[in-house]
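Colleague: model this:
(chains A and B)
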Number of protein chains: 2
Amino acid sequence: MAEIDAARLLRDLYSLREIGTYRTGVHRPTFSPEDVRSRHWFAARLAEAGLTVEIDGIGNVIGRDPSPGRKLLLGSHLETQDHAGWLDGALGVIYGLEVARSLGGGIDVAAWADEEGHFGSFIGSRSFCGLLTDAEMDRCQNRAGVPLRTALAEAGFAGRPRATVDPARYRGYLEAHIEQGQVLEDKGLQIGIVTAIVGSRRWRIVFEGVQNHAGTTRMAVRKDAGVALVRLAAAIEDRFPALVNERTVWTTGNIRVEPGAPSIVPGRAEMVFQFRDTDAAMLDRLTETLQALVAEANQGPCRVTLVETGRTAPAAMDEGFQAALEAAAERRTPGRHQRMPSGAGHDAQILAGRMRAGMLFVPSIGGISHHWAENTADDDIVMGCRVLADAAEALLTEA
Amino acid sequence: MAEIDAARLLRDLYSLREIGTYRTGVHRPTFSPEDVRSRHWFAARLAEAGLTVEIDGIGNVIGRDPSPGRKLLLGSHLETQDHAGWLDGALGVIYGLEVARSLGGGIDVAAWADEEGHFGSFIGSRSFCGLLTDAEMDRCQNRAGVPLRTALAEAGFAGRPRATVDPARYRGYLEAHIEQGQVLEDKGLQIGIVTAIVGSRRWRIVFEGVQNHAGTTRMAVRKDAGVALVRLAAAIEDRFPALVNERTVWTTGNIRVEPGAPSIVPGRAEMVFQFRDTDAAMLDRLTETLQALVAEANQGPCRVTLVETGRTAPAAMDEGFQAALEAAAERRTPGRHQRMPSGAGHDAQILAGRMRAGMLFVPSIGGISHHWAENTADDDIVMGCRVLADAAEALLTEA
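Modeller: Below you'll find the model as predicted:
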């Protein structure tokens, strides 16, 4: 078994954290000056490790082992949510670098652009997998309204070719990530082996009533869009629990009522809703229930419209990859690992459409995620890389 | 019976509408240049009518009949909501002017400052009634953050004495206003005689949970502030109908959830809630129910806090004044009038604490209010003033 260099691994993670430091975390939104700097920094590290490096036309940083033979592709992402954690994404790319250095061959490493979705949905890994059209790129923009094309031009990546996958080159894809939940910590475990990545359905629900004076408009004649929203949102909370399993999640992430004044009956309201599960049939069932609840809501005084704003399919991880990760975990940290689904989305769900794929989790302290306080114990960081390296070594020598 | 001059009445309303015209309505927020101009314009009209005029230190325009004897005080307000209607407030002050001119004595006229609440709650009429302290004036500011003191200085009214009521001078207060609802129009009536002005209780309800990742945080461990809000808001809609009468109104005017992102479980949420009724006992009963619902909500995973942000007491209109208005209405437009409560607040509810008070409504086309499209038929405008003048004449000659 090859051994990783734990000190070197941590040193690289600390160096990366210095690019865009915010308190104990980092602020490195996609194609910000800090993010661009981190891509060049990472490209230099990959080159030092002997890989042939490219930053492509979507900002993906890809290091390729120039030796012959089939490779394993390891990766994750460099950019962060706003004022967020230092390990979300960074962990997986630095693991890739460290495993490539430790094994001395057989490993390609990728830092996918914009997994965090500042400009679009998995645009880096989807570009690599041939799933991102030029037309979609034309439409992408961030919350500040900056077009993706403009951001790429300012970053210096516009006009470059976009790298695309050669499935024949790869044995498969491995990604490590912080758990972003509290399951491993609660059970005192060090390693999670991902069985599947949840799929999601995302919705905007619009309620149209009649704006009116809150003092002079009798209840009997009101068409209160806010009340219609509250009733539907409450009906979802009442009906969903009987339909789901203990891992299914659903969230009303935002509510807006208009005009939002104390003494005005709301004439319009909107909610942003989503649900996630590893089972596509469950997503279909919840969709049907939501549609039925919206139809019921339309019997009331307001017009209720359901708009699908996005969906991702659940992605099962490869059984052989799970077994390899599990064997490595059992050897390195006996009994302190478990298989588990991923409730968050990851580039691995995109890569899984093109090759065998596997994912490994390390614990998140307190389950904190998408916040600058996010952290993982050094011992767990090192253990995750050891397990990943062992599994990669085993998979490379498979028949 | 004295006769009003219908052409002169409408001409003055049209002239006033030209100060701050917005589409078919007006934009004349309190102490804006347009509002200040309208106060000077109105003061000049009162002076032409032979009244002794003062614009006081809170911006109230008050015209006093210099002749001896007890007076009736007629009034309403000049400023408007943003981009709102041409008659809301204006109708009552121009009626006051026209009645003073028509009766030729016995009438004082007031345009109360800021009934619309840009800077505070009924600050003009409360100042006149001795209910506005200097300390409260120091705290008042508008939504743009401009202090009341600054606005008064810029308007040229700072440093003037504030007029206060001499209850012995007055037989009582009469105010006319547009209905701001659709009851009169629906029944084909021309005059509403107000029985009481609703009181209100206003609340902010704050929900504190734990912000978390919408994919990785299992439902069982969530403390979702948005769900807590939705459940309480729905419980209010379920419980209130059994407690109220057909005139009671309650409104959730605004909802906010934080951070309001699609994939983040809300950690904090807030709703703005109010209810109104003419019966103080009803307001107490609803307050108790709301407190009980909040206590129940606190059994859930989030902390729920109920903050009272304001209250006004219901104000009954004087029975004799109602009778005088009703007799005048029956003479001028037989059978086309009714008694009704006012769901909106008016300066009359403040004045009613110092003297006998009565209010008259004219129909609002389509019930539209607080919108530039607000309107009333000319015939109804003229009829309202005739009834008000007749009632005022009768009340002035009462034993």
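
Colleague: buried sites along stretch A:130-140?
Modeller: By neighbour count with 16 or more other C-beta atoms under 10 Å in any protein chain shown, stretch A:130-140 contains the buried residues A:131-132, A:137, A:140. For glycine as for every other residue, the C-beta is placed from the backbone atoms N, C-alpha and C.

Colleague: Please list the members of the residues you listed that lie in helices.
Modeller: Among the buried residues of stretch A:130-140, the residues falling in helices (DSSP state H) are A:Met137.

Colleague: In a markdown table: the buried residues of stretch A:130-140, plus distance to B:Phe361 and pLDDT.
Modeller: Listed next are the buried residues of stretch A:130-140 as a markdown table, based on distance: C-beta to C-beta, whole Å; pLDDT from 0 to 100:
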| residue | distance to B:Phe361 | pLDDT |
| --- | --- | --- |
| A:Leu131 | 64 | 96 |
| A:Leu132 | 62 | 97 |
| A:Met137 | 60 | 97 |
| A:Cys140 | 55 | 96 |
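
Colleague: CSV for the buried residues of stretch A:130-140, including distance to chain B?
Modeller: As requested, the buried residues of stretch A:130-140 are exported to CSV (distance: C-beta to the nearest C-beta, whole Å):
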residue, distance to chain B
A:Leu131, 21
A:Leu132, 21
A:Met137, 22
A:Cys140, 16
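
Colleague: could the buried residues of stretch A:130-140 be laid out in TSV, adding distance to A:Arg162?
Modeller: Shown next, in TSV, are the buried residues of stretch A:130-140 (distance: C-beta to C-beta, whole Å):
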residue	distance to A:Arg162
A:Leu131	11
A:Leu132	8
A:Met137	9
A:Cys140	14
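
Colleague: what's the helix or strand harbouring A:Ser76 packed up against?
Modeller: In the assignment (DSSP states H and E), A:Ser76 maps to strand A:71-77. Strand A:71-77 sits against helix A:90-103, strand A:107-112, strand A:170-178, helix A:378-396, with contacts defined as 3 or more C-beta pairs under 8 Å, 6 or more residues apart in numbering or on different chains; DSSP states H and E.

Colleague: so what does the longest one touch, helix or strand wise?
Modeller: Meaning helix A:378-396. For helix A:378-396, where contacts count as 3+ C-beta pairs under 8 Å, 6+ apart, the packed elements are helix A:6-17, strand A:71-77, helix A:90-103, strand A:170-178, strand A:191-197, helix A:319-332, strand A:357-362.

Colleague: so the spatially closest residue to A:Arg311 that is not a sequence neighbour, which of the three states?
Modeller: Computed as C-beta to C-beta, 6 or more residues apart in numbering or on different chains, the closest residue to A:Arg311 that is not its neighbour in sequence is A:Arg201, at 4.9 Å. Counting by DSSP: H, G, I helix; E, B strand; the rest coil, the backbone at A:Arg201 sits in strand.

Colleague: Number of residues surrounding A:Arg201?
Modeller: 20 (other C-beta atoms under 10 Å in any protein chain shown).

Colleague: residues in contact with it?
Modeller: Residues near A:Arg201 by C-beta atoms under 8 Å, 6 or more residues apart in numbering or on different chains: A:274-275, A:283, A:286-287, A:308, A:310-311.

Colleague: Tell me what it is bridged to.
Modeller: For A:Arg201, the beta-bridge partners are A:Phe275, A:Arg311 (DSSP bridges).

Colleague: Around chain B, pick out the residues from the stretch 251-399 of chain A.
Modeller: Contacts of the stretch 251-399 of chain A with chain B, taken as C-beta under 8 Å from any C-beta of the partner chain, map to A:251-257, A:260-266, A:269, A:272, A:274, A:276, A:342-345, A:367, A:369-371.

Colleague: So which bits of the stretch 101-250 of chain A are right by chain B?
Modeller: Selection of the stretch 101-250 of chain A residues close to chain B by C-beta under 8 Å from any C-beta yields A:179-182, A:198, A:200, A:202, A:212-221, A:224, A:226-227, A:229-231, A:233-234, A:237, A:241, A:244, A:246-250.

Colleague: Which of the helices or strands spans the residue lying closest to A:Gln338 once chain neighbours are set aside?
Modeller: Once flanking residues are discounted, A:Gln338 sits nearest to A:Leu189: 5.7 Å by C-beta to C-beta, 6+ apart. In the assignment (DSSP H and E), A:Leu189 maps to no helix and no strand.
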